[in-house]
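J.: Build me a model from this:
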Amino acid sequence: MRILVCPPEYFDVDYVINPWMEGQVGGIDKVLAHSQWESLFDDVSATANIESVAPREGSPDMCFTANAGLVESGRVVPAQFRMPERSAEEGPFASWFEDAGFEVAPLSGTDPYEGEGDALFQPGEPLLWAGYGVRTALENHLGLAIFFDVEVVSLRLVDQRFYHLDTCFAPLPDGRLLYYPAAFDERSRAEIESRVSAERRLAVSNFDAMHFACNMLRIGDRLFMNAATDALRDALAAWDFETRLHPVGEFLKAGGGVKCLSLLLDQPGFDRPTATPPTSIRTARVQLRGHLLDAGLLRRVLDIVTQANGSFRVDSLDLAERKDQESRDCYRSWRRPIRT
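T.: Predicted coordinates for the structure are as follows:
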């Protein structure tokens, strides 16, 4: 297995784009961060091939390579970062993929999508778990399903601390998974429970979640993790996994753990479906007319879209000049119904 990493030469907290960064600007012990990173990947290199992309000055989060894209069978869909602070990473990552011989296929449009941070294959199955609601846009899940020819299960994240799927969700072989239920909305929890039986899913404690236990890197039967309680380690041992703890506390100050620091360049093989996988994502274009702001119409309509487990993008908003005139709004919505 090959893993893509980026040495933390320029790693720091220079801005705040997630709750973990609050109060941490300029507070990184860079010597300790380097030591933690080297310890982790010295251990990983014993069972995986490490490939490296050159760090870019001015991109302190580039060491979090999981967000660079999603790779499968020599093909990659590169990231389109939501936060402008990380957009400068897109070019260097795309160039690395091209130089390494990967087929690079950007998504159409400019809607945000943050790579393996929000898209995780179920090992050995044509199934992609995909997060949305904080960083990645739901509308991009359809493009991922088409390009990789797999079924995509969309999960809404509702806790800003768990802004990427890989911070609170870890698919494991044999249809198993590790996750933190409180990071998801009710419908997404129901989706997970309908697909994964109780004996194959392991809900982590608040302590383990806050220490990024779900943000793990799996190489074979080894799970590389920042931290884990004895109870969690025992539960994983019962599934025949060896947990290898590598504290990366300096990186947690930026909201990143072990998985964030690594991108899988090889996925476990799976059989392609003979028919096009189904998708539950539906899209519609809606136009509103009336007193959109004064009467609260726009807010109520967008609340309905969100509560229906969907997302939206406002394409145009034409505000009236006087209160006796109507305003006009045109938006496009994407909806993911609950699986039945």
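J.: Give me the contacts around stretch 197-208.
T.: Around stretch 197-208, the neighbours that count as contacts under C-beta atoms under 8 Å, 6 or more residues apart in numbering are 174-182, 192-193, 213-214, 227-229, 231-232, 235-236, 239. Where you see a C-beta, it was placed from the backbone N, CA and C, and this is true even at glycine.
J.: Now the element after whichever helix or strand Ile192 is part of, going C-ward?
T.: Taking DSSP states H and E as the definition, one finds Ile192 inside helix 186-195. Following helix 186-195 in sequence order, the next helix or strand is strand 201-203 (DSSP H and E).
J.: ranges for the strands of the stretch 51-200 of the chain?
T.: Ranges of strands in the stretch 51-200 of the chain, per DSSP state E, counting those that start in this stretch, are 69-72, 75-78, 103-104, 119-121, 127-132, 151-156, 169-172, 176-179.
J.: Now render those as JSON lines, adding mean pLDDT.
T.: JSON lines is the format used below for those (pLDDT from 0 to 100):
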{"stretch": "strand 69-72", "mean pLDDT": "98"}
{"stretch": "strand 75-78", "mean pLDDT": "98"}
{"stretch": "strand 103-104", "mean pLDDT": "97"}
{"stretch": "strand 119-121", "mean pLDDT": "98"}
{"stretch": "strand 127-132", "mean pLDDT": "97"}
{"stretch": "strand 151-156", "mean pLDDT": "95"}
{"stretch": "strand 169-172", "mean pLDDT": "98"}
{"stretch": "strand 176-179", "mean pLDDT": "98"}
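J.: Stretch 259-276: which residues count as buried?
T.: Using 16 or more other C-beta atoms under 10 Å as the burial criterion, the residues of stretch 259-276 that qualify are Lys259, Cys260, Leu261, Ser262, Leu263, Leu264, Leu265, Gln267, Phe270.
J.: sorry, back to before: how about the strands of the stretch 51-200 of the chain in a markdown table, adding distance to Arg244?
T.: Shown next, in a markdown table, are these (distance: least, C-beta to C-beta, whole Å):
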| stretch | distance to Arg244 |
| --- | --- |
| strand 69-72 | 23 |
| strand 75-78 | 27 |
| strand 103-104 | 32 |
| strand 119-121 | 20 |
| strand 127-132 | 24 |
| strand 151-156 | 27 |
| strand 169-172 | 14 |
| strand 176-179 | 15 |
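J.: related to what we said a few turns ago, may I have the helix holding Ile192 as CSV, with CA atoms only?
T.: C-alpha atoms of helix 186-195 as CSV (Å, rounded to 0.1, in the frame of the first residue of the first chain):
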residue,chain,number,x,y,z
GLU,A,186,-30.6,12.0,13.0
ARG,A,187,-31.3,10.9,9.5
SER,A,188,-27.6,10.1,8.8
ARG,A,189,-27.4,8.1,12.0
ALA,A,190,-30.4,6.1,10.8
GLU,A,191,-28.8,5.6,7.4
ILE,A,192,-25.7,4.2,9.1
GLU,A,193,-27.7,1.9,11.4
SER,A,194,-29.8,0.6,8.5
ARG,A,195,-26.7,-0.4,6.5
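J.: What helices and strands are in contact with it?
T.: strand 151-156 (3 or more C-beta pairs under 8 Å, 6 or more residues apart in numbering; DSSP states H and E).
J.: Could you check how far stretch 61-75 is from the centre of its chain?
T.: 11 Å (C-alpha atoms, centre = their mean, to the nearest Å).
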